[in-house]
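In: the following block contains a protein sequence and its predicted model.
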Amino acid sequence: MHLRNRHGTPVDPVPFVVVVGLTFMVVLSFGPLYGLELGLALETAIVLSAALFAVAAVAAFYRQVWTFRPEVAGSVPSAIRAERLFYLIPILAALIVALSVPLVVG
C-alpha cells in the first residue's frame, strides 16, 4: 500500500492501518450490542456502527496520511514515541473493559 500526503510525499501506512483496524474492532464489536441495548433493530445498529466506523476511518486518514508531514516526525525522539505507545496499551485495555461493563451488568 503506497499512501501519499497532500504534497505527494510517501507516508508510512502502518499507523493508519493499525488505527483503522482497532477502530473497526471496537466499533463493530460494541456498537451493535449497545444499539440493541438502546432498543434499535439489529440492522439499524449495524448500519449506524458501520457509519461511525467510516467517519472514524476518514478522520484517521485525514490526520495520519493527508496532513502528515514526514519532516516533522523525526523531531520527536523514538523513546518518547515508544513511551506514549506503552501508556496507550493499558488505556485501550481499560476502555474495552469499561465498554463491556454496562453490557454485563445490564
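Out: That came in fine, so what should we check first?

In: lowest confidence element among the helices and strands of this protein?
Out: Taking mean pLDDT, DSSP states H and E as the measure, the chain has helix 70-73 as its least confident helix or strand, at a mean of 72.

In: just after that one, pick out the following helix or strand.
Out: helix 78-105 (DSSP states H and E).

In: could you give the mean pLDDT of that following helix?
Out: For helix 78-105, mean pLDDT is 88.

In: buried ones in it?
Out: Neighbour counts over helix 78-105 (16 or more other CB atoms under 10 Å) mark no residue as buried. All C-beta atoms are positioned from the backbone trio N, CA, C, and that covers glycine.

In: numbering from 813 from now on, please.
Out: Sure, I'll start counting at 813 from here, so that last one is helix 890-917.

In: that older thread, packing partners for the least confident helix or strand of the chain?
Out: Applying 3 or more CB pairs under 8 Å, 6 or more residues apart in numbering; DSSP states H and E, we find helix 882-885 packed against no helix or strand.

In: who touches that helix?
Out: With contact meaning CB atoms under 8 Å, 6 or more residues apart in numbering, helix 882-885 is reached by Asn817, Thr821, Pro822, Val823.
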